[in-house]
Structure formats: C-alpha cells, structure tokens
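Asker: Provide a 3D model corresponding to the input given below.
(one chain, ligands or ions: 1)
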Amino acid sequence: LVVVLDFGGQYKELIARRVRECAVASVIKPGNTPLEEIKAMDPIGIILTGGPDSVYCDDAPRCDPALFKLGIPVLGICYGLQLVVYSLGGEVRPCNVSEYGRTKVTVDPSSPIFRGLDKSQIGLMSHTDQVSALPAGFASIASTSNCPHAAIADVERRIYGTQFHPEVENTPNGTQVIRNFLYEVCGAKSDYDIHDYETRMINEIREQVGGEHVILGLSGGVDSSVCAALLAKAIPGQLHCIFVDHGLMRKDEGDEVEAAFSGRDLHFIRVNAEERFLKLLKGVDDPEKKRKIIGSEFVRVFEDEAKKLGKIRFLAQGTIYPDVIESGVNSAVIKSHHNVGGLPKDMQFTDLVEPLRGLFKDEVRALGRQLGLPKALVERQPFPGPGLAVRVIGEITKDKLDLLREADAIFRQEMKRSRVKADQYFAVLTDTRSVGVMGDFRTHGWTVALRAVKTTDFMTCQVVPISHSMLNRTATRIVNEVKGISRVVYDITGKPPATIEWE
Ligand code: XMP
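Answerer: Numbers count the residues shown, from 1 in each chain. A predicted model of the protein is given here:
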C-alpha cells in the first residue's frame, strides 16, 4: 500500500490512479494525517502531492516532520518536494522565472527513479516557488534551464522529490518515474488489481451503511450499473434500484437493463413511465424545453417511487472521478441524476454512497466486467439522459420513436458487424419528409441521419470515415426494413462547428 498525502493539489486522484496502474494499491489521506495513523497502515511508500500554497507561509499545509524519520520511502511532487526541502532544513523561494507547461528536463539516468530513461525528458511544470538550497544529504538529480533542482534525492534515506508532475500525461515518461519509485525504491511487489479495489469498497460500503437500506437511481449507463452490482454484492437485500423507463430508450434497452440485474440480490423497481413522459412532451418541439420537461418529470417519478419505500436516508450514486472534478473538487453536490437535471436538495436523503468516486471510466468498466455485468452494458457508449427525445427532431410521438428505434438498431448491428470503431454512433430522425419511390409507388417518408464520431472528451469530435459500402448496406436495410423511412443521409460535420447530438 502507498499512502498519498494530499496538500490541496488538483492531481491527487491521478497520482493514486498511476500507482494503481503500476499494480500497487493506494489511499489518499489529508496531508496532516497523524503519524500513528500512517504507521498503522504500514505503507511501503508515501507520496506527497502538489498544492497551491507557498510552503514558507505560516498557514501553509504541512505534515508532521517526523514523517521523514519513519524510514518509509517518500516521493514529494511539486509542493510535496518543496515540503520535503523545507521540513529538512533546506530553502524554498519564489522563482525568478516561473515555469508553466511542458518543459525540457535533464535527468540523471543513474538515479533509481530515472532508471531506464534518457537524459533528456519532458516534464509538466507548474510552479512559482522553487528550491534554492538543498537540505543536508540531498543531491540534485534533474534540472531545467530555470530550475536547478527539478528533482532531488537522498538515496540513503530513500527520500525523493520532483518539481515536475510525473502523474500527468504531459510528462510522457512520468508513469515510469512513479513505477521506478515504487519498484526500485519502495520494493513494491505487483499485488494490486481491480479485485482489491472491489474488496476494499465492499468493506467500506458495509461500514458506512451497516444494516440500513439504500436507494439507487439506475439509468442503465455504465456507472450506475457498476455501482448497483457492487452494492448488491456488498449489502445483499438492502439495495433498492429505481429504473425509470421514460420510453425514450433505444430498442430493447429497458429489457436488457432489467435482465442484467435479474439474478442479483437487490430490489429492482422498473417504473414504466412512458405514457407520463410522452403526454408531457406532446406538441413540444424546442430542444431545451424537452430537456427541462424530462429532467423535472424524472425527478418526480423518482421521488414518487422513493417515497413508497419508506424512510431511507442513503442515496447511492455512480459518481466517478471525472464527475467529481466537473462538479468542483470534494463538493458533495448531488450529481445531475441520469444526466437529466439534478435531484432536488430537499429530498429525504442525508447520506450519499459513492463507491466509484475514486475511479476513472476505464477502471469502472474493468470493475463491471469483474462483477460479471454483460459486455454490452459495461462497454456501452454514452447515451444522453433525455434519450431519444433529442434524437427525434421536433415534436416527439410514439410512432416516430419506434421508427427511430428500428433504424438505430440496424445501424448499430451494421457497425458491430463491420467492426468500425467509434466512440459514439446513432441514428437521428430528422423532421424532414422526402419523396421516394418503392416498386411502382411513390412514398413520402422521413429522412434518417446517421452519425458516428471519434472523441476522447466529447467536447470536440471528428467524424468516422465509414466506407461507402457499409453506409450503402445500412441505408438499404433501413429503407427496406423500416416502413415510413425513405431516405438516409450521413452527417459529416465535426464538433465544432456542430455538436454531437442534433438537438
Ligand atoms: P453535444 O451534443 O453537446 O454532446 O456535442 C456531447 C456529449 O453529451 C451528450 N449529451 C447529453 N448528455 N444529457 C446528457 O446526459 C443531455 O441533455 C445531453 N446532451 C448531449 C452527447 O450524447 C455527447 O456524448
């Protein structure tokens, strides 16, 4: 186990994640955690995070200086390095020239933490203070043109520090530096995998919840599904999952979600609210209005069901680490539920259960696979909370939704069959009807648009260059098999200037 001591840096979860990637378990604790508590965890190493403060200021966060006498290897990162220096009698001062961004770093490859690396490296720098005098016993093991002590080491005491951030992608060999610290300095044995995370979370959930009951809003998305499977394992019989089927799901999706949870030890409540939603959406063609209606109705349905279960104080959510960043670090805000508006603050719940809070998406998927969730669910592409409501352009009717469901299912089948890789792909039912001819008959059916994009952050995207033959096959099938659709087009606009969804 490695303890990550937090001094307010924005990357603490990323550090913990890198340690896990190196197959070593990690926990994050506040920087001022008492030594006794740290010792009791028996860590093989301690990593001190960065932070926004200046270590020489009176109110700067610090650790107990005796930490450095425990004989446990330490790696200080950015502020963490400065804290090492300050605590052991060296000197930290404001930089003459602050460094921000990717910076050339010359490292000493004979140092254990740089083993296997070339002399010339790139490191992400972000600092306004730097080390001006090293404490006794330390040597400089890296430098930049403005920072003579870009990394330091006391090999004897096994205390290291880097001014740059090895945990971020902008330091291309950063993970190797962390791996070296773990394996070359701390003597780690690769003994962590997602299974250990599961075991630890199960214990934590049991400790938090005891014998009480928990409510979870299940959307069928990856995060809430993995959260449900984990909770069902941790507290069998105490979990109530409310799955609001708003009638805006893709073909067979509601049944698939229900089937995935049928053998598990939880109370699965499927609320068939299609009629309720469609009634409210009747005649509405403005996208934002649609979203608002769906969001608030969703909350109402959820509340109605939750009330029926009596007084339950625990609300579980599949919040994952990127959500935590987006909603402001450490804020206990209730996540935009199912991504369709937030749950009201005055609900009966007083306690949140968020076991996936420390995980990144790929780790959540790995955990889901381990918990035996079906592949289709674990690898599901993102699906907007308002569902097909924003993929039927203009007014929504059940007939239009059904047409879209069929066309979308064909497109998904063809994508799977031809193994085209895309991060998100779907069909849109436009509000344009066009003239067609089938046999000897004139038709006047709807136009369907297909969209397939590649993206990592969904803030921007590129269109997937699908082959003409594949598009042709899909279009032919859609027009032949879905009565009411007479034309198919492929959307070739990136984001920006377009958005991924049409509405
Ligand atoms: P846009 O269309 O803005 O979409 O490029 C970016 C990503 O967000 C998804 N999306 C939504 N997700 N509620 C959601 O939960 C929404 O109202 C919503 N609108 C768009 C979209 O599918 C894409 O992944």
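Asker: can you list the buried residues in stretch 410-428?
Answerer: With burial defined by 16 or more other C-beta atoms under 10 Å, the residues of stretch 410-428 counted as buried are 410-412, 414-415, 422-428. (Glycine included, C-beta is placed from N, CA and C.)
Asker: quick one: mean pLDDT for stretch 1-12?
Answerer: Mean pLDDT, computed over stretch 1-12, is 93.
Asker: swap in stretch 198-214?
Answerer: Stretch 198-214 shows a mean pLDDT of 97.
Asker: for stretch 304-315, what is the average pLDDT?
Answerer: Taken as a whole, stretch 304-315 has an average pLDDT of 94.
Asker: can you check stretch 356-365 too?
Answerer: In the prediction, stretch 356-365 has an average pLDDT of 88.
Asker: on that earlier part again, nearest to the ligand, out of the buried residues of stretch 410-428: which one, please.
Answerer: Minimum distance to the ligand across those is 5.4 Å, recorded for Q424 (C-beta to the nearest ligand atom).
Asker: assign a three-state SS to the residue lying closest to that closest one once chain neighbours are set aside, would you?
Answerer: In space, and not counting its chain neighbours, Q424 is closest to Q381: 5.0 Å by C-beta to C-beta, 6 or more residues apart in numbering. Following DSSP: H, G, I helix; E, B strand; the rest coil, we place Q381 in the coil state.
Asker: now do P355
Answerer: P355 is classified as coil under three-state DSSP.
Asker: how many neighbours does the nearest residue to it once chain neighbours are set aside have?
Answerer: Using C-beta to C-beta, 6+ apart and skipping residues adjacent in sequence, the residue nearest P355 is M201, 4.5 Å away. For M201, the tally of surrounding residues (other C-beta atoms under 10 Å) stands at 21.
Asker: what is the helix or strand containing M201 packed up against?
Answerer: In this structure, M201 sits in helix 194-209 according to DSSP states H and E. Applying 3 or more C-beta pairs under 8 Å, 6 or more residues apart in numbering; DSSP states H and E, one finds that helix 194-209 contacts helix 222-234, strand 351-353, helix 361-370.
Asker: tell me the angle the first one makes with helix 361-370.
Answerer: What separates the directions of helix 222-234 and helix 361-370 is an angle of 40 degrees, with axes from the mean of the first three to the mean of the last three C-alpha atoms, to 10 degrees.
Asker: tell me the helices and strands packed up against helix 222-234.
Answerer: helix 194-209, strand 214-217, strand 239-245, strand 314-316, helix 361-370, helix 375-378.
Asker: how about a markdown table for the ones you listed, with distance to G50 added?
Answerer: Converted to a markdown table, the helices and strands packed on helix 222-234 look like this (distance: least, C-beta to C-beta, whole Å):
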| stretch | distance to G50 |
| --- | --- |
| helix 194-209 | 24 |
| strand 214-217 | 35 |
| strand 239-245 | 38 |
| strand 314-316 | 32 |
| helix 361-370 | 22 |
| helix 375-378 | 33 |
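Asker: columns distance to the ligand on top of the ones you listed, output as TSV?
Answerer: Shown next, in TSV, are those (distance: least, C-beta to the nearest ligand atom, whole Å):
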stretch	distance to the ligand
helix 194-209	25
strand 214-217	13
strand 239-245	14
strand 314-316	19
helix 361-370	13
helix 375-378	17
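Asker: tell me which of these lies nearest to L352.
Answerer: strand 314-316 (5.8 Å; C-beta to C-beta).
Asker: buried residues in stretch 120-127?
Answerer: So for stretch 120-127, counting by 16+ other C-beta under 10 Å, buried means 121-127.
Asker: tell me the mean pLDDT over that stretch?
Answerer: Across stretch 120-127, pLDDT averages out at 96.
Asker: what's next to it, contact-wise?
Answerer: Residues outside stretch 120-127 that contact it (C-beta atoms under 8 Å, 6 or more residues apart in numbering) are 50, 78, 95, 98-107, 114, 142, 144, 147, 150, 162-166, 168, 170-174.
Asker: among those, which are located in strands?
Answerer: 95, 98-107, 142, 162 (DSSP state E).
Asker: and I466, what does it touch?
Answerer: 420, 452, 490.
Asker: what about the spatially closest residue to R115 that is not a sequence neighbour, which SS state?
Answerer: Of all residues beyond its chain neighbours, the one nearest R115 is N180 (5.2 Å), with distances taken as C-beta to C-beta, 6+ apart. The local conformation at N180, judged by three-state DSSP, is helix.
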